[in-house]
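Student: with the input below, show me the fold.
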Amino acid sequence: MTDQDLEEIITQALIECLADRLVEKLRARQKTALVLFTGTDLGLDKALAALRALREADWTLRFVLSTQARRLITSDRLGEFAAQICDTEVDADADALLNGCARVLVPTLSVTTAAKVAGAIGDSLASRLLTRALERGLPIIGAFDGCCPDNPARLAQGFLVNDAYKARLRANLTALRDYGIGLVPAGRLAAAVLGGTPTAVLGGTPTALIPQAAPTTNAAPPVAPIVTASPAGTEGGKRIFSRSDAVLWRESELRLGRNVLVTPLAVEELRSRNIRLIQA
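Tutor: This next block holds a predicted model:
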């Protein structure tokens with residue numbers, strides 16, 4: 001073996017070693033997320049369980065609390081994650097917090113934060129982080145438990161607003177979906193991340209959370225009634241199919257028009273009872 005042959009072998013070995021290390025770093029970065037808590041604690045326990053599952057799957061998590069979240073979600077409730085919260089100010093640099101993170105998770109998405117991001121307003125730490133993440137093209141997944149008007153837990157807290165108010169909140173969630181933000185129940189946050197697929201479930205777009213239509217056969221199945229929602233539950237010409245409508249549905253299959261807005265909790269209710277949802 002000549003010196004030149006030996007040099008080529010060593011060079012090739014170094015290249016392969018560097019390539020392996022680069023791949024390892026890229027894989028590690030893909031499993032790094034900024035976790036943003038905002039001003040609601042609905043679904044918190046399920047969200048924390050999801051974060052533990054991600055930690056066990058070797059995800060690196062960077063935690064940030066909004067100003068309101070710091071008042072509402074105390075250290076004892078955060079458990080083992082409390083010591084890992086970033087010490088941030090209201091005017092913290094969003095880019096500095098996002099750097100090195102492959103995605104953003106919002107395990108407690110509040111009504112206020114959802115409304116601000118839907119309106120492209122970034123005047124708080126939470127809304128600024130999310131709008132900046134959108135601008136940078138970072139994937140975002142949020143748990144809608146705290147901002148969905150159809151969550152029964154909100155009613156238990158005295159959420160007695162009229163249909164027009166609820167329609168506005170649903171429209172905010174639809175806007176977030178349209179921006180590319182995944183919306184899931186807190187209990188499915190880990191599955192949405194580990195599954196690696198978009199999980200927004202608003203507006204009638206078939207996704208991983210909505211059973212797909214069965215293959216077409218020659219005999220057309222009977223079309224079920226579209227919705228049982230009252231005419232008051234409308235906005236912009238779209239009918240609303242909420243959880244209360246889903247609870248009343250007794251058939252094994254539900255067919256809705258594409259213009260019907262199906263709320264996240266309605267999707268979960270149908271799914272929990274193995275009711276196939278088809279929108280066409």
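Student: quick one, helices of the stretch 101-250 of the chain?
Tutor: 111-118, 125-135, 152-156, 163-178, 189-195, 243-248 (DSSP state H, counting those that start in this stretch).
Student: for the last one, packing partners?
Tutor: Using 3 or more Cβ pairs under 8 Å, 6 or more residues apart in numbering; DSSP states H and E as the contact definition, the elements that helix 243-248 packs against are helix 264-272. Backbone N, C-alpha and C define where each C-beta goes, glycine included.
Student: now whatever helix or strand comes next after the helix it packs on: buried residues?
Tutor: With elements assigned by DSSP states H and E, the helix or strand that comes after helix 264-272 is strand 276-279. Across strand 276-279, burial judged by 16 or more other Cβ atoms under 10 Å covers 276-279.
Student: swap in stretch 147-161?
Tutor: Residues of stretch 147-161 classed as buried by neighbour count (16+ other Cβ under 10 Å): 147-151, 154.
Student: stretch 184-197 now?
Tutor: Per 16+ other Cβ under 10 Å, stretch 184-197 contains these buried residues: 184-193.
Student: give me the domain ranges for the protein.
Tutor: 24-195, 202-280 (automatic domain parsing).
Student: out of those, nearest to Thr11?
Tutor: With Cβ to Cβ, the closest approach to Thr11 among these belongs to domain 24-195: 20.7 Å.
Student: name the helix or strand of this structure that has the lowest mean pLDDT.
Tutor: Of all helical and strand segments in the chain, the minimum by mean pLDDT, DSSP states H and E falls on strand 234-235, at a mean of 38.
Student: about what we covered before: pipe the buried residues of strand 276-279 into JSON lines and attach distance to Arg170 and pLDDT per row.
Tutor: As requested, the buried residues of strand 276-279 are exported to JSON lines (distance: Cβ to Cβ, whole Å; pLDDT from 0 to 100):
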{"residue": "Arg276", "distance to Arg170": "23", "pLDDT": "87"}
{"residue": "Leu277", "distance to Arg170": "17", "pLDDT": "88"}
{"residue": "Ile278", "distance to Arg170": "21", "pLDDT": "86"}
{"residue": "Gln279", "distance to Arg170": "16", "pLDDT": "83"}
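Student: burial count for Thr108?
Tutor: 28 (other Cβ atoms under 10 Å).
Student: and Gly43, what does it touch?
Tutor: Remark: with contacts taken as Cβ atoms under 8 Å, 6 or more residues apart in numbering, Gly43 is in contact with 107-108, 143, 145-146, 153, 185-187.
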